[in-house]
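Turn this into a model:
(chains A, B, C and D, ligands or ions: 4)
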Amino acid sequence: MTANLPDRAHGQRLLREMLRIRRFEDACVELYSAAKIRGFLHLYIGEEAVAVGVSQALQADDAVVSTYRDHGHALTRGISAAAIMAEMFGKVEGCSRGRGGSMHLFDVERHFYGGNAIVAAGLPVAVGLALADHLQHRPLVTTCFFGEGAVAEGEFHESMNLAALWRLPVLFCCENNLYAMGTALARSEAETNLAVKAASYEMPAWSVDGMDVLAVESAARGAVEAIRAGGGPHFLELRTYRFRAHSMYDPERYRDKSEVETWKLRDPITTFTETLQGAGLLEANGLEAMEHEIAAELSAAIEAAEAGTLEPVDQLTRFVHSDPTQPSEFVS
Amino acid sequence: MTANLPDRAHGQRLLREMLRIRRFEDACVELYSAAKIRGFLHLYIGEEAVAVGVSQALQADDAVVSTYRDHGHALTRGISAAAIMAEMFGKVEGCSRGRGGSMHLFDVERHFYGGNAIVAAGLPVAVGLALADHLQHRPLVTTCFFGEGAVAEGEFHESMNLAALWRLPVLFCCENNLYAMGTALARSEAETNLAVKAASYEMPAWSVDGMDVLAVESAARGAVEAIRAGGGPHFLELRTYRFRAHSMYDPERYRDKSEVETWKLRDPITTFTETLQGAGLLEANGLEAMEHEIAAELSAAIEAAEAGTLEPVDQLTRFVHSDPTQPSEFVS
Amino acid sequence: MRSAESSTAELSTAESSKAEGRTITYREAMREAMHDALTRDERVFLMGEDVGRYGGCFAVSMGLLEEFGPERIRDTPLSESAFVGAGIGAALGGMRPIVEIMTVNFSLLALDQIMNNAATLQHMSGGQCHVPLVIRMTTGAGRQLAAQHSHSLEGWYAHIPGIKVLTPATVTDARWMLWTALEDPDPVLIFEHGALYNEKGLLPDGIESVDIDKAAVRRVGGDVSIVTYGGSLGKAMQAAEELASEGVDAEVIDLRTLRPLDTATILASVTKTHRMVIVDEGWRSGSISAEISARVVEEAFYDLAAPVARVCTAEVPIPYARHMEEAALPQVPGIVAAARAVMAAPD
Amino acid sequence: MRSAESSTAELSTAESSKAEGRTITYREAMREAMHDALTRDERVFLMGEDVGRYGGCFAVSMGLLEEFGPERIRDTPLSESAFVGAGIGAALGGMRPIVEIMTVNFSLLALDQIMNNAATLQHMSGGQCHVPLVIRMTTGAGRQLAAQHSHSLEGWYAHIPGIKVLTPATVTDARWMLWTALEDPDPVLIFEHGALYNEKGLLPDGIESVDIDKAAVRRVGGDVSIVTYGGSLGKAMQAAEELASEGVDAEVIDLRTLRPLDTATILASVTKTHRMVIVDEGWRSGSISAEISARVVEEAFYDLAAPVARVCTAEVPIPYARHMEEAALPQVPGIVAAARAVMAAPD
Ligand SMILES: Cc1ncc(C[n+]2csc(CCOP(=O)(O)OP(=O)(O)O)c2C)c(N)n1
Ligand SMILES: Cc1ncc(C[n+]2csc(CCOP(=O)(O)OP(=O)(O)O)c2C)c(N)n1
Ligand SMILES: [Mg+2]
Ligand SMILES: [Mg+2]
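Ligands and ions are numbered 1, 2, ... in the order given. Got it, this is the predicted structure:
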């Protein structure tokens, strides 16, 4: 069951954000086929409720650390579709100047500390960001997204313990989509109840229906409030599912089509559209209007990316060390 | 309370083994001061009941993996005092030919796979030894000793999970002596109940009074039986205390003398001597007789170590790769 | 049954032109090698992330689970340190594990096990422990995978005493090095360049083993020695062809094994050509190219007609954008230019 | 207030003979450096295993907890990867962390964070992220700590673009490099050789900062350049004295920083002496000595009168036994012999 219904504006905003991610990802599929986007591409389709729900609980100056599956997080944190698209086109206008690509979206002004493509490697960094807030007495919360596959990594264990031991303001958001590439959770964890695992660090931990944006929002709000009030780190297991392959190269031999189809019945966008419409919070053509706006935004983004600039090759060795001739680059 | 009393012979054997470790370590202190032993030296004084108790449950062909604090484990697994002493003297007669020193005692014939001096790094190796037994259908149990400090390491987490997931025959023996160098458990772990931690891997886990050799023996026997019967890995937290400094360089600023004195009241050797004598299982002069025998053994060991051979320097690059001219070295 | 005498220039180059055989991909060659090893020796098993149900991140182990079952084709959790360490333990316990680390980029998480245990156990046990472990991993850049997924660290690993480092560059080596590695009583790391998996090559009939301690002369030439390995071999060969059209006859050496380095083959070539260009996808500073240069200077200083030249990866984390990535990596024109430069030096 | 112009041979050697100052140990110098940094900048904090209550594994941070309190002197659990990563995050968040990894041997557990995050974040964010993090660790052998506790990996770390690698060899550098490192907007690794902590040296009055990008000529000489760093500087100086007694006037260069390498100072010396011996406690193959040799050949080939010689650690895990360990490491007689050999080469 979902939490209490939102008001109309908020409900529509949630739906819109999820739909925007979905359509963004749909566009990526096409652009990958057209070889406009290259490298590894990991889609968020099916998991939209997680990023959208969690981000409702965050302030603009709260930090976020993400993974290679970062488009959804980046979009909900306010990085423009155009900047992300340009990034994947390898253009200077990209949010990482084309240096990072799909897996490494960054926007430090928005406190978005990147897609990290080493599984679990973002967790220690998130702990450190929270430590900086703690030491500087800033009442901020750092959110760290990671997949359930990361739970097996040593860095998960070390980071959970450190955050709990030092009571740092971190929200650990485990996106449990049941698979790490082709490895089902039960083949990866002796204890598959991830909230129980998290609780063994003396950390409050809840399992949440990650296909229900309202449930996610409400859990995240609860956790973030508690953290901001000095309650130390919290852990959310967000039970979700990816509808597409792990990345663009995945033959999906490890799961049945029927399993995917069953999960699609719980598509967070479809079900939430129904919820809103059922409650009279969205007009019959409300979705269509959103689709139009989003399509316009995305085609503008793609056009801009296409028209973007390739960085001159003689700039190759920039950004290895901070440039002393550009001191403004580094706000000390 | 201790478990049921042992028979006379067994009881005396336990006491003798503990005393032998104690006197061995006492000798090491002197030899270190005399600069006969060099490098890092970590003593087992106070913790003798753990090694002696656990080893009662093991067969000769069960594998053991230890840490830098490995004298006690090595002695109870049958490596001679002479071979260990010679090792610390840097002589060829040492159990690792003088290449390893105090922290790296090895005896592969006795399935003793070493003192490992990287905290927690022995755990994955123990899991692998157990995996080899599992794959080769050998009904053996691999025991892995490590300190409570190791629990914070990522390798602990990964190894516990892997062993539990694959139900491998590993006995994890966590020697909780309350400190990792100068760091008290509570400054290292958010959850200080280590058995609870272990249980979060779906692994049977018990806390045991590590100052009581009978309690340790009985817990170890229970665990090893269960493992050998196919029950998968088990975890024992052995609550103990080191009476001496972490190593020879430790000013011990992190704990009160009074704390040490309180723990010394529970000295596993004194208390067990009293238990045996109280039950009429040890003569009044029984301990003295043991002391004599042990002193003789140790002085012979020291003499032999002193008289041992220094490896010729031209052998320096041996044992980096297996020597093809000595194929017997590697039983394939 | 014949063994590829890859150390002899004449033989190995002749081989590829004359020999009968099958054309297969590098991926298929690796898969055959694993299939073969699993069939030949029941102590061999494969473990790593997604080697089973997924079929391997790069489809190298596709089908092996179905044939050999889950006890021998073991999907692991994401726990690089533990499963590499478990491979070490299993090797100590009498098995012959093949541990796959999905890519070299994740191997950093297992470096403690590799350097402090695998490479060291034999020595610190005074010769008692042997770790007949093979670790395979994909390496290299060139596929726009950006900074965290594009490392070429095989030369860096070659710094570690106690391990061997193999870099199969050809279908033949991909097919046969694994078995030789498994027969080795000591730990062997095999680095497979990701750009090679789809490459096709002739797998000659009749070869049923290769050595893993000799470099191979892939092209005989008298003017300049181009020394390379792994994913850069193709570029070096192309550069040699281009140079040939300019009248420069380059010899191309495929190191095959980075540790131990086959210095003899390198020296034999440079004492003939007096000029050397090293092509290495590693970052320049502290790359294996530096070691080769230093050894050549130590051993053949007076034979050198020109400074040893290096064509390496620029000292930047690899950028995503295609044109930037290309600029960062060794490319054919750079190799040709370097060869021309050393040719221009006075004799 | 003066800054040590360590790049200028005359100045730096003059300094130590003429200057007034205090004689302190390397350990005290490091402690003062931390004390100073903690006092000067409240964004600075120290974290690592046993840096607080224990006073530091090598007693370097003794007393700091008492003075600066547990928020700024943070004992960590045994979790190298997490606390190094947390240092990176804290640096991103505006702090100036000093992370102590007890010894280089344990840093392997944190290598993923160092290479894939600290060194890479700036680049893959297109210049947005800066990681003003200092990581200190003890390095080196010589104290019979055996194979797992005796690594010298500072030269190996110097392979990684995006970090700086410092190796203070003198009391002055121990005292002042830290602050310069903390002022650097990018990650800096400081390697402190364990054998140096008890060494005493003159800390000259008046110097209140040092650069971290220039090598220092520690002894001016005209016959042969001995290039070294860190724990080997003392041995090189001793060798130079011995050589002097034989009439060979050696110049001794202390690299100070291994990444970026100050090639200019090295080249200036070798173009004067025409002969070079590199002394490096790293394992020989793939050590920083190889890179130095390669660069000298690239840039000063025609100035060399003899092949560049290297005196490095033997390629073995370090054995425990004292005589074996001594045999494995660079020692004065080996340096002297190498210098004699390059002197013997025809001019
Ligand atoms: C340390 C590490 N090991 C392996 C990989 C390769 N890899 C990339 S994504 C992935 C699966 C991760 O699964 P999960 O954490 O569940 O996240 P999801 O992809 O399902 O969102 C793997 C194995 C990696 N990037 N990093
Ligand atoms: C990975 C690693 N980090 C740090 C050290 C240094 N060190 C050696 S022993 C030790 C304390 C370990 O404590 P614990 O595991 O409780 O074992 P104990 O010494 O108490 O038996 C430390 C920090 C090490 N050897 N390995
Ligand atoms: Mg997942
Ligand atoms: Mg302890």
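
Worst mean pLDDT across the helices and strands of chain A, which element?
Taking mean pLDDT, DSSP states H and E as the measure, chain A has helix A:194-199 as its least confident helix or strand, at a mean of 92.

Past that one, which element shows up next along the chain?
Moving toward the C-terminus from helix A:194-199, the next helix or strand (DSSP states H and E) is strand A:205-209.

residues in contact with that next one?
For strand A:205-209, the external contacting residues (C-beta atoms under 8 Å, 6 or more residues apart in numbering or on different chains) are A:193-199, A:215-216, A:219, A:222-223, A:234-239. C-beta: built from backbone N, CA, C; applies to glycine.

Quick one: buried ones out of those residues?
For those, a burial check counting by 16 or more other C-beta atoms under 10 Å in any protein chain shown picks out A:194-195, A:197-199, A:215-216, A:219, A:222-223, A:234-239.

ranges for the helices of chain C?
C:9-18, C:26-40, C:64-68, C:80-92, C:104-107, C:111, C:121-124, C:154-157, C:171-183, C:233-245, C:263-273, C:288-300, C:322-328, C:332-344 (DSSP state H).

Mind telling me which of these the model trusts least?
Per-stretch mean pLDDT for the helices of chain C is lowest at helix C:9-18 (a mean of 45).

Could you restrict the contacts of strand A:205-209 to the ones contacting chain B?
A:196-197, A:199 (C-beta under 8 Å from any C-beta of the partner chain).

between the residues you listed, which is nearest D:Ala118?
Of all those, A:Lys197 has the smallest distance to D:Ala118: 28.2 Å, by C-beta to C-beta.

re earlier: among the buried ones among the contacts of strand A:205-209, which are within reach of ligand 3?
Checked against ligand 3 using C-beta under 5 Å from the ion, those give no members in range.

For ligand 3, what's its nearest residue on the stretch 101-250 of chain C.
Per C-beta to the ion, C:Met102 is where the stretch 101-250 of chain C lies closest to ligand 3, at 15.0 Å.

how near is C:Ala118 to chain B?
10 Å (C-beta to the nearest C-beta, to the nearest Å).

if you skip the residues just before and after it, what's nearest to that residue?
Nearest residue to C:Ala118, sequence neighbours excluded (C-beta to C-beta, 6 or more residues apart in numbering or on different chains): C:Pro187, at 4.3 Å.

and the one you found, how many residues sit next to it?
29 (other C-beta atoms under 10 Å in any protein chain shown).

can you check A:Arg138 too?
15.

which parts of the stretch 151-300 of chain C sit against chain A?
By the rule C-beta under 8 Å from any C-beta, no part of the stretch 151-300 of chain C lies against chain A.

For the stretch 151-300 of chain C, which residue gets nearest to ligand 2?
Nearest residue of the stretch 151-300 of chain C to ligand 2 (C-beta to the nearest ligand atom) works out as C:Ile160 at 17.8 Å.

close enough to count as contact, that residue and C:Asp112?
No. Contact status for C:Ile160 versus C:Asp112: not in contact, 11.9 Å apart, counting by C-beta atoms under 8 Å.

Compare those two (neighbour count), which wins?
Neighbour totals were compared for C:Ile160 and C:Asp112, and C:Asp112 leads with 30 against 26 (other C-beta under 10 Å).

residue in the stretch 1-150 of chain A nearest to ligand 1?
Relative to ligand 1, the nearest point of the stretch 1-150 of chain A is A:Gly147 (2.0 Å; C-beta to the nearest ligand atom).

for that residue, what are its contacts?
A:67, A:69, A:119, A:174-177, A:180.

Make a PyMOL selection of whichever of these turn out to be buried.
The following PyMOL line selects those of the contacts of A:Gly147 that are buried, judged by 16+ other C-beta under 10 Å:
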select buried, chain A and resi 67+69+119+174+175+176+177+180
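
Can you flag which of the contacts of A:Gly147 belong to helices?
Per DSSP H, helices hold no members of the contacts of A:Gly147.

can you tell me which of the contacts of A:Gly147 are in strands?
A:67, A:174-176, A:180 (DSSP state E).

out of those, which touch ligand 3?
Restricting the ones in strands among the contacts of A:Gly147 to those near ligand 3 - C-beta under 5 Å from the ion - leaves A:Ala180.

From the ones in strands among the contacts of A:Gly147, pick the one nearest ligand 3.
Using C-beta to the ion, the shortest approach to ligand 3 within these belongs to A:Ala180, at 4.8 Å.

which residue packs closest to the closest one, ignoring adjacent ones?
A:Gly149 (2.5 Å).

How about C:Cys129?
C:Leu121 (4.1 Å).

Just the closest of the ones next to chain B among the contacts of strand A:205-209 to C:Glu80, please.
Among those, and counting by C-beta to C-beta, the member closest to C:Glu80 is A:Lys197, at 19.2 Å.

do you know how far the closest one is from A:His157?
9 Å (C-beta to C-beta, to the nearest Å).

just C:Ala215 next, same as before
43 Å.

Would you mind telling me which of the two has more residues around it?
Counted by other C-beta under 10 Å, C:Ala215 and A:His157 do not tie: A:His157 has more neighbours, with 30 against 25.

Start from the N-terminal end of the stretch 101-250 of chain A and give the strands.
Secondary structure of the stretch 101-250 of chain A by DSSP state E, counting those that start in this stretch: the strands cover A:112-116, A:142-147, A:170-176, A:179-180, A:183-184, A:205-209, A:234-239.

Any buried residues in stretch C:26-39, and which?
Neighbour counts over stretch C:26-39 (16+ other C-beta under 10 Å) mark C:26-38 as buried.

To clarify, my last question referred to stretch C:226-234.
For stretch C:226-234, the neighbour count (16+ other C-beta under 10 Å) marks C:226-234 as buried.

still on that earlier bit, which residues touch the residue nearest to C:Cys129?
C:Leu121 touches B:114, C:88, C:92, C:129, C:131, counting by C-beta under 8 Å, 6+ apart.

Adding neighbour count and distance to B:Glu252, write the residues you listed out as TSV.
Listed next are these as TSV, based on neighbours: other C-beta atoms under 10 Å in any protein chain shown; distance: C-beta to C-beta, whole Å:
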residue	neighbour count	distance to B:Glu252
B:Gly114	31	28
C:Ile88	31	35
C:Leu92	27	36
C:Cys129	23	35
C:Val131	27	38
